[in-house]
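Trainee: Generate a structure from the sequence data that follows.
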Amino acid sequence: EGFLEKNRDILRDELRDLVKSSSSKFISELLDTATSASVGKAAGKGASRRKPTTGATFAESLGQLINTMSRCQPYFVRCLKPNETKSPRDFQHQMILDQLRYSGMLETIRIRRAGYPVRMTYDAFIFRFRCLAPAATAKAKTPKDQAAALMTSMASSVADGYQLGRSMIFIREVTERALEENRNGALRAIVVMVQKHVRGWLAVRRFRNVRESVLKLQSYARMRLERQRFLDKLNAVRKLQAFARMIKPRKAYLIAREERRKIRALEREAARAAGMRMVVDVSMLPIPEDLEEVLDASIGEARVYSKDAILAIDNHSGPSLRQPELPKQMAGHDFSKFVSGFFRQGSQWAFVKGTLNQSLLQLRSETSEEDVLLLFNVIQRFMGDPTVTDEREELFGNYLVQRGLYDEDIRDEIFCQICNQTWLNPNEVNAERGWFLMALCLSAFPPSERLYPYLLCYITQHGFEEYRAYCQHKLLRFSGRASRMLPPTMLEWRSARAASSMLVDIEYPDGTTGYVSVDSVATAAEIGNLAAESLGFKATGWIVCGVDPKGEEHDLDADAPVLDFVSRIEVPDYFESWLKARKSSKRELPGAAGSAGDSLFSPSAAPAGPLANLMPRGSGTLNPSGQALPRRTSKADIVLKGSGSLENQIDLMFQDALADSLEDLSFLKGDEFSDRVQGGGDVGGPPPPPPP
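Mentor: Numbering: from 1, shown residues only. Next up is the predicted model:
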């Protein structure tokens, strides 16, 4: 009562705007629809233009709802209360059963179950259940016949559970449930079949993809291998072609290089003959006073070697030395690093045409810098003074070497001064003499451990022609060895001048001869083992002993350099006098009369060491010339023998070998003789033989 009157009020504009501003499309368009319908209705009746009231809007919405429901087929949902209090999660079975009974639902269900509750059109039935009998439905023409054929093909338990109508088929619930179960089984089988084929197709496609990938990888791998083989063959062919094409130009290059070397050698020889070794005039540079005294004393003195011996040495030089295998630690030791790290401040690494103002390295307090600067003048005179030849040349070189032997502190200074004068030397003859002097110094003493790798690197990078390999061999052989005691021998001078190896002609007790390669630091044990090995003996436990010009034998220590003994024989009297005067308390002169140096060779009547493999004293000699020269009484004979003692026992053991009438000495060779010797020929390993 009074509902229309209360809802005749017009909606306020603020409320209308608020509804239109809603984010929901339905709410925002709700008032527009009601307003347009009300305005149209009012206009049809000729009413005045005014806004619709709330009641009019509600009536319009209710009319639209009724019209919509009349056009549809409504389904009614019957609601049941689970409990009296409508509480959640509280389901009372009896109350629900009562509601179903009172509403007639149970009776309705019973009636429908007794009849045919499932009613479907033939098209819908065939569409849903034709999967149960596809062959039977395919033969029938009309949907009704198809439905009848389908139901006939089913089991007999469902044969009376349906009825065919004019446009629909009526099915009992039990029959419909059986049909659904059969349909689910048929669909499951169809789905499994589809899945099987799909999975098979996917597996086949995956297999084909993998196979294609494998075939492609195999093709690429085979292509790569074949291409690599082809490239290897191509590179081999190219190398062969390159070598074949290189032969003729290389021959021409080698011939041209050899011609250039010969031309340069002839030019250097002509320059040496013409005295063109000078870069500047150094003949007036001051030299040490004791060297001047030795030079004055040498005037008119006779040499130990005859002219025939010197000519023989010149005509029979040893083989040239090959490039040795250098240690890997040498890399990175450029001499410039040594200059920047150890040269004194104010000293420069550059060729000096005059005199030095200061020593290149820091000297000890007891070493006079004036003496070092005078030694640099000696180097300058040796390299560039045309008057320094023959005996004067040997005295200059031996003096410089002997000064280095006496004072270890100036050895690095001497090597650095020589390197300084051979670096960027504008005169080849002058530079060659510098490397000649370097070889003489390396024949007698090594550099310090600090300078060793840098000097080896400098020789390797900047060595003068044949002197590179020659100085490398000498420096590598000095590794871990002590220095010599005396300056180089005549053999070493000739070898250093030609930059070739030294060969020793050995005459064995059986009358045969052979060559043994030696170097400046070869010891008595090394040379003895080489000689014994050439006879077929085991190369252990052998040494050599020396025979001086007077015919006296001297046993040498196993680790004593043999060429020191030869040098002692060759030292002139005037140079020996200077040696005695310069003899230092740190190093005794070997072999000087009345000095401690006599231990270098002692009389053979009292040899040192245990009794071991022994060799009879024979005519085997170590020729100091290094070549096949005739026997000379002015030279030192070197006799091959074992490192034992007790001469009486030796004579007893080798009485047959010592007999003069014995002609057949073949038993001295081979293992048969070694087995007969006490100790079996094994005494312990001496140092390895020198390199060829």
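
Trainee: pLDDT below threshold where in the stretch 351-500 of the chain?
Mentor: 365 (pLDDT under 70).

Trainee: Could you check how many residues crowd around Glu370?
Mentor: Counted by other C-beta atoms under 10 Å, the residues lying close to Glu370 total 10. Glycine gets a C-beta too; all of them are placed from N, C-alpha and C.

Trainee: Double-check that it belongs to a helix.
Mentor: Yes: applying DSSP: H, G, I helix; E, B strand; the rest coil, one finds Glu370 inside a helix.

Trainee: measure it to Arg364 for me?
Mentor: Glu370 is 14 Å from Arg364, where distance means C-beta to C-beta, to the nearest Å.

Trainee: Quick one, grab the pLDDT at Leu240.
Mentor: pLDDT recorded at Leu240 is 92.

Trainee: which SS class is Gly434?
Mentor: Secondary structure for Gly434, judged by three-state DSSP, is helix.

Trainee: Against which helices or strands is the helix or strand harbouring Leu491 packed?
Mentor: Taking DSSP states H and E as the criterion, Leu491 maps to helix 490-498. Where contact means 3 or more C-beta pairs under 8 Å, 6 or more residues apart in numbering; DSSP states H and E, helix 490-498 is packed against helix 307-315, helix 428-442, strand 502-507, helix 562-570.

Trainee: One more pass at 7 Å, please.
Mentor: helix 428-442 (3 or more C-beta pairs under 7 Å, 6 or more residues apart in numbering; DSSP states H and E).

Trainee: how much space between Leu106 and Thr175?
Mentor: According to C-beta to C-beta, Leu106 stands 22 Å off from Thr175.

Trainee: Between the two, tell me which one has more neighbours.
Mentor: Set side by side, Leu106 and Thr175 show more neighbours around Thr175, with 20 against 12, by other C-beta under 10 Å.

Trainee: pLDDT wise, what is Ser306 at?
Mentor: 33.

Trainee: list the buried ones in the helix holding Leu491?
Mentor: Using 16 or more other C-beta atoms under 10 Å as the test for burial, helix 490-498 gives 490-497.

Trainee: That helix to helix 428-442, inter-axis angle?
Mentor: 140 degrees (axes from the mean of the first three to the mean of the last three C-alpha atoms, to 10 degrees).

Trainee: Considering only helices and strands, which part of the protein has the lowest mean pLDDT?
Mentor: Ranked by mean pLDDT, DSSP states H and E, the weakest helix or strand in the chain is strand 601-603, scoring a mean of 32.

Trainee: The longest helix belonging to the chain: how far from the chain's middle?
Mentor: Counting by DSSP state H, the longest helix found in the chain is helix 173-273. The chain centre lies 26 Å from the centre of helix 173-273; the measure is C-alpha atoms, centre = their mean, to the nearest Å.

Trainee: returning to that earlier point: so which of the buried residues of helix 490-498 comes closest to Ser23?
Mentor: Nearest to Ser23 out of the buried residues of helix 490-498 is Ala496 (C-beta to C-beta; 109.4 Å).

Trainee: I'd like the distance between the closest one and Val429.
Mentor: For Ala496, the distance to Val429 - C-beta to C-beta - is 16 Å.

Trainee: about what we covered before: looking at the buried residues of helix 490-498, which is nearest Pro447?
Mentor: Ala496 (17.1 Å).

Trainee: Could you give the number of residues near the closest residue to the closest one other than its chain neighbours?
Mentor: Taking C-beta to C-beta, 6 or more residues apart in numbering, and ignoring the residues beside it in sequence, Ala496 has Ala439 as its nearest neighbour in space, at 4.2 Å. Residue neighbour count, defined by other C-beta under 10 Å, stands at 26 for Ala439.

Trainee: Show the contacting residues for Ala439.
Mentor: Ala439 is in contact with 467, 470-471, 474, 496, counting by C-beta atoms under 7 Å, 6 or more residues apart in numbering.

Trainee: Are any of the residues you listed buried, and if so which?
Mentor: The neighbour-count criterion (16+ other C-beta under 10 Å) marks 467, 470-471, 474, 496 among these as buried.

Trainee: can you redo those as JSON lines with distance to Leu579 and secondary structure?
Mentor: Output for the buried ones among the contacts of Ala439, formatted as JSON lines (distance: C-beta to C-beta, whole Å; DSSP: H, G, I helix; E, B strand; the rest coil):
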{"residue": "Tyr467", "distance to Leu579": "28", "secondary structure": "helix"}
{"residue": "Tyr470", "distance to Leu579": "27", "secondary structure": "helix"}
{"residue": "Cys471", "distance to Leu579": "26", "secondary structure": "helix"}
{"residue": "Lys474", "distance to Leu579": "23", "secondary structure": "helix"}
{"residue": "Ala496", "distance to Leu579": "21", "secondary structure": "helix"}
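
Trainee: closest to Cys72 among those residues?
Mentor: Among the buried ones among the contacts of Ala439, Cys471 lies closest to Cys72 (C-beta to C-beta), at 118.2 Å.

Trainee: quick one: Lys248 and Ile255, what's the gap?
Mentor: 11 Å.

Trainee: Give me the three-state assignment for Ser517.
Mentor: strand.

Trainee: hey, what's it bridged with?
Mentor: When bridges are called by DSSP bridges, Ser517 pairs up with Leu503.

Trainee: my read: it touches Ser500, true?
Mentor: No: the pair Ser517 / Ser500 is not scored as a contact, 10.7 Å apart, by C-beta atoms under 7 Å.

Trainee: Helix or strand: which one has Pro286?
Mentor: Using DSSP H and E, Pro286 is not contained in any helix or strand.

Trainee: which residues touch it?
Mentor: 374, 377.

Trainee: where does it land on pLDDT?
Mentor: According to the model, Pro286 scores 93 on pLDDT.

Trainee: hang on, Glu107 is in a helix, isn't it?
Mentor: Yes: counting by three-state DSSP, one finds Glu107 located in a helix.

Trainee: Dump the buried residues of helix 490-498 into TSV; add distance to Asp555 as well.
Mentor: Compiled in TSV, those are given as follows (distance: C-beta to C-beta, whole Å):
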residue	distance to Asp555
Met490	24
Leu491	22
Glu492	23
Trp493	27
Arg494	28
Ser495	26
Ala496	29
Arg497	32
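
Trainee: which residue is nearest the middle of the protein?
Mentor: Nearest to the geometric centre of the chain sits Lys328, at 13.3 Å (C-alpha atoms, centre = their mean).

Trainee: Model confidence at that one, what's the number?
Mentor: Per-residue pLDDT puts Lys328 at 80.

Trainee: Please apply the same query to Asn623.
Mentor: So Asn623 comes in at 35 (pLDDT).

Trainee: do the same with Leu202
Mentor: So, for Leu202, pLDDT stands at 94.

Trainee: ok, now which ones touch it?
Mentor: With the criterion set at C-beta under 7 Å, 6+ apart, Leu202 makes contact with nothing.

Trainee: likewise Asp334?
Mentor: Cys457.

Trainee: can you check the one 4 residues further on too?
Mentor: Taking C-beta under 7 Å, 6+ apart as the criterion, Phe338 is in contact with 451, 454.

Trainee: mean confidence score for the helix or strand containing it?
Mentor: According to DSSP H and E, Phe338 maps onto helix 335-342. Helix 335-342 shows a mean pLDDT of 93.
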